[in-house]
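> got a sequence here, can you build the structure:
(3 chains)
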Amino acid sequence: MIEYTVSLQAYAKAILHCAKYPWATVHGLFLAEKKDGKIRFVDALPLAHNWTSLTPMFDVALQQAQLYAKTKGLAVCGYYVANEDTGATQLSAAGSLLAKTLIAVDDSTVAFVVDAKKLAPESTRAALVPYVYSESQWKEQSGAFSDTKGSSGTKGAAFVLENNRVLVATRKLIDERAEVGVHDFDEHVDDVSLDWLQNTTISERIKTA
Amino acid sequence: MSSSLKLLAEIRQSSERRPFEVLKLSEPLLNKGSISQAGDDVWLVYEQVFIAAIDEGEIDVAKAVLEILHKRFGGSQRVKRLYGMINEAVGYPDEAKKLYDEMLEKDATNVLASKRLIALLKSQGQYSIAIQELVSYLDTHGNDFEAWLELAHLYLANHLYAQAAFCLEEVILQQPANHYFHLCYAEVNYTMGCLDIALKEYLRVVELSTDNVRGFYGIKLAADRILDITSHGAGKSRDSSHFKVENAPQKATLERLSQLATERLVAIYSGTNDATKKTVEAWLKL
Amino acid sequence: MSSSNDSGAKLISKGIAVVAFLFMLHSGYSAREYLLYSKSIGRQDPSLPIDIVLECLGALAVMTIAVVLGVGELRPISYEAEMKRYSVDGIYSRPSFQVFNHRGRFLHPLKPAVAITEK
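Numbers count the residues shown, from 1 in each chain, chains lettered A, B, ... in the order given. Model prediction:
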């Protein structure tokens, strides 16, 4: 049973990226460290909020992300997407294809769809719905991130948040509108001085949240 | 004119969606009454603040601004549309639809109302009906590039790439010197596999806009991909018959284009920090 | 502050241009008066006295310079410079079709509200 942990840094950055462009479909990648069969998502790389079903800039960004990850000893094995349509919590066809390109490099890749309803302040569940690739399909892992461990999945994958501070800290960052500091690849391409790989300002802010 | 008003005017001009900033800038203007410095533009500023307020969910601010606009422009269709929009924002789409239908009854050619009805359909997730309505709207208003862009967006959301490309072609016909449209068109074509058109369009982008980073990334990607396919043929892992490369330039030209893109990207990235520079240089060597 | 200086300078330039134009009119009137006078004393084909010519040309030069300097900051006319005022986000924002029931409603929830009618 593969255990997936999502750290505060990864979760908060991804959610803040979704908060920066709430009217658009946004997507990005998760970087993870793999140890003893456990996968821990330690950081998020926000990709785009425009033209999220088009491939060229995604290909460039993915390749650069993989090169960057290698220098940090991490792997790109997570993909997150938040749909424009808040009712759509399914992994769309475009999302599946894009996430499949990650599977080609790392077969433990998980795709996450952000469920907007779970972003509300009173929610006690993580807003990510994981999809695991098995038998040539993306299968939803319902019941992930719930308190009862091992209650999900076909392949027996378990998803947890790093600790119970993650949701509280993320909520604090959303309330103080920290999302202004998140820069995705789209913004970077319009102004190359914006660092989408390290996102230092927001990373520091998240650490102290 | 104060700097806040100038910045608000710039945001209006570029049509960027920055509701948080707009509200932050306009709050002191509204509270201190210095908004009147905008002269005749003050009504545009009020409309801008209203839309930012409903985007952010600041319904009280929106209602207050709407009162001011209603007092000045009582029976105006433009203000009625704002009533429709605020109802959409607070979750009463039926009330909004009623208002838009009333506007269309009064004047069947009312562009604002037709567009809001399509937006309503979009907000309720009814993409196919929205597409139908938009197509019939474009039959009569074929020079409305915003509507063509919206249709392209709806098609892309439903993975109808060829149709989206058609919409972008219509927009490019109307504004051939605007590199943003060539950019999206290039990306759609690349996604569809028409690498020859994608390369040509990316080249057009860098021609129209000096040192456009997306353009150069696109040129390098497309040129390298075409070189890959034409030199290795169908032996590659991806089914290369899926790609169209017939009208691509010769091998030598492609190599020179790839080199040009590499050089320009190195020049553009020369001022960035180490991590970014190293990553890009490593990518360029791929 | 600087804008009032600018408008002050513009006002001065406009003033100078108007005054120079009046001088030009004056030189034209002088020329006409001189020609009528020469005709009345019978002189054929008179050439204009040098002071009228200098007044006319001088006033023209001053007026031209004042108008050009008083026009304010010149903006670039290249299409590319114009396009720099936009961005990908802006061009594709499609404001008439924007919807407002996006995920922002969950991130920053609204207080419950009633439908808002036009009075």
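
> which residues of chain C lie near chain A?
Residues of chain C found near chain A (Cβ under 8 Å from any Cβ of the partner chain) are C:87-89, C:92, C:98-109. Any C-beta I mention is one placed from the backbone N, CA and C, and that applies to glycine too.

> ok, stretch A:91-109 near chain C or not?
No: figure legend: stretch A:91-109 not in contact with chain C (Cβ under 8 Å from any Cβ); closest approach 15.5 Å.

> averaged pLDDT, the helix or strand hosting residue B:151. What do you get?
Residue B:151 is located in helix B:145-157, with elements delineated by DSSP states H and E. Averaging pLDDT along helix B:145-157 gives 96.

> so which elements touch it?
Helix B:145-157 makes packing contacts with helix B:111-123, helix B:127-140, helix B:161-174, helix B:179-192 when contacts are defined by 3 or more Cβ pairs under 8 Å, 6 or more residues apart in numbering or on different chains; DSSP states H and E.

> which of those helices is buried the deepest?
Mean neighbour count, computed with mean count of other Cβ atoms under 10 Å in any protein chain shown, is highest for helix B:179-192 among the helices and strands packed on helix B:145-157, reaching a mean of 26.

> could I have that helix exported to PDB, CA atoms only?
Presented in PDB, the C-alpha positions along helix B:179-192 are these (Å, rounded to 0.1, in the frame of the first residue of the first chain):
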ATOM      1  CA  HIS B 179       0.400  38.800 -31.800                       C
ATOM      2  CA  TYR B 180      -1.700  37.500 -28.800                       C
ATOM      3  CA  PHE B 181      -4.100  35.900 -31.200                       C
ATOM      4  CA  HIS B 182      -1.400  34.300 -33.300                       C
ATOM      5  CA  LEU B 183       0.000  32.900 -30.100                       C
ATOM      6  CA  CYS B 184      -3.100  31.100 -29.100                       C
ATOM      7  CA  TYR B 185      -3.600  29.900 -32.600                       C
ATOM      8  CA  ALA B 186      -0.100  28.500 -32.700                       C
ATOM      9  CA  GLU B 187      -0.700  26.700 -29.400                       C
ATOM     10  CA  VAL B 188      -4.000  25.200 -30.600                       C
ATOM     11  CA  ASN B 189      -2.400  24.000 -33.700                       C
ATOM     12  CA  TYR B 190       0.500  22.500 -31.800                       C
ATOM     13  CA  THR B 191      -1.900  20.700 -29.600                       C
ATOM     14  CA  MET B 192      -3.700  19.300 -32.600                       C
END
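
> could you figure out how far that helix is turned away from helix B:161-174?
If you take axes from the mean of the first three to the mean of the last three Cα atoms, to 10 degrees, helix B:179-192 sits at 160 degrees to helix B:161-174.

> gap between whichever helix or strand comes after helix B:179-192 and the chain center?
Helices and strands here follow DSSP H and E; after helix B:179-192, the next one along the chain is helix B:195-208. Distance of helix B:195-208 from its chain centroid, counting by Cα atoms, centre = their mean, to the nearest Å, is 19 Å.

> in helix B:195-208, what's buried?
Across helix B:195-208, burial judged by 16 or more other Cβ atoms under 10 Å in any protein chain shown covers B:195-206, B:208.

> enumerate the residues of chain A near chain C.
Residues of chain A that fall close to chain C, judged by Cβ under 8 Å from any Cβ: A:18-19, A:22-23, A:50, A:82, A:84, A:86, A:114, A:116-121, A:174, A:186, A:190.

> could you list the residues in contact with the helix holding residue B:151?
By Cβ atoms under 8 Å, 6 or more residues apart in numbering or on different chains, the list of residues contacting helix B:145-157 from outside reads A:25, A:51, A:53-54, A:84, B:115, B:118, B:122, B:127, B:130-131, B:134-135, B:137-138, B:141, B:161, B:163-164, B:167-168, B:170-171, B:174-175, B:184, B:188, C:92, C:94-97.

> could you rerun that using 7 Å?
Defining contact as Cβ atoms under 7 Å, 6 or more residues apart in numbering or on different chains, one finds that helix B:145-157 is touched by A:53, B:127, B:130-131, B:134-135, B:137-138, B:141, B:163-164, B:167-168, B:170-171, B:174-175, C:92, C:94, C:96-97.

> ok so, going back, just checking: which of the buried residues of helix B:195-208 also lie near chain C?
The subset of the buried residues of helix B:195-208 within reach of chain C, by Cβ under 7 Å from any Cβ of the partner chain, is residue B:208.

> ok, the buried residues of helix B:195-208 vs chain A, which is closest?
residue B:198 (7.5 Å; Cβ to the nearest Cβ).

> now do the contacts for the closest one.
By Cβ under 7 Å, 6+ apart, the residues touching residue B:198 are B:186, B:189-190, B:218, B:222.

> among these, which two are most distant?
B:189 and B:218 (10.1 Å; Cβ to Cβ).

> the most centrally placed residue in chain A: what secondary structure?
Central residue of chain A (Cα atoms, centre = their mean): residue A:80, 3.8 Å from the mean position. Three-state call for residue A:80 (DSSP: H, G, I helix; E, B strand; the rest coil): strand.

> how about it: what's its closest non-neighbour residue?
Once flanking residues are discounted, residue A:80 sits nearest to residue A:112: 4.3 Å by Cβ to Cβ, 6 or more residues apart in numbering or on different chains.

> show me the shaky parts of chain A.
For chain A, applying pLDDT under 70 flags the ranges A:147-157.

> how about the residues of it near chain B?
A:23, A:51, A:53-57, A:59-60, A:63-64, A:67-68, A:85, A:87, A:93-94, A:177, A:189, A:192-193, A:195, A:197-198.

> could you redo the last one with a cut-off of 6 Å?
A:51, A:53-56, A:60, A:63-64, A:67-68, A:85, A:87, A:93, A:189, A:192, A:195, A:197-198 (Cβ under 6 Å from any Cβ of the partner chain).

> neighbours around residue C:59, how many?
Around residue C:59 there are 20 other residues, counting by other Cβ atoms under 10 Å in any protein chain shown.

> secondary structure class for the spatially most central residue of chain C?
Centroid check for chain C by Cα atoms, centre = their mean gives residue C:71 as the closest residue, at 4.7 Å. State at residue C:71, reduced to three classes by three-state DSSP: coil.

> so what does it have for phi and psi?
Note on residue C:71: its backbone torsions stand at phi -80, psi -10 [degrees, to the nearest 10].

> and the pLDDT at it?
84.

> just give the number of residues close to residue C:81.
Around residue C:81 there are 10 residues (other Cβ under 10 Å).

> and the gap between it and residue C:45?
Noted for residue C:81: a distance of 54 Å to residue C:45, by Cβ to Cβ, to the nearest Å.

> residue A:164 too?
107 Å.

> what about the two, which has more around it?
Each of residue A:164 and residue C:45 has its neighbours counted (other Cβ under 10 Å); residue A:164 has more, 9 against 5.
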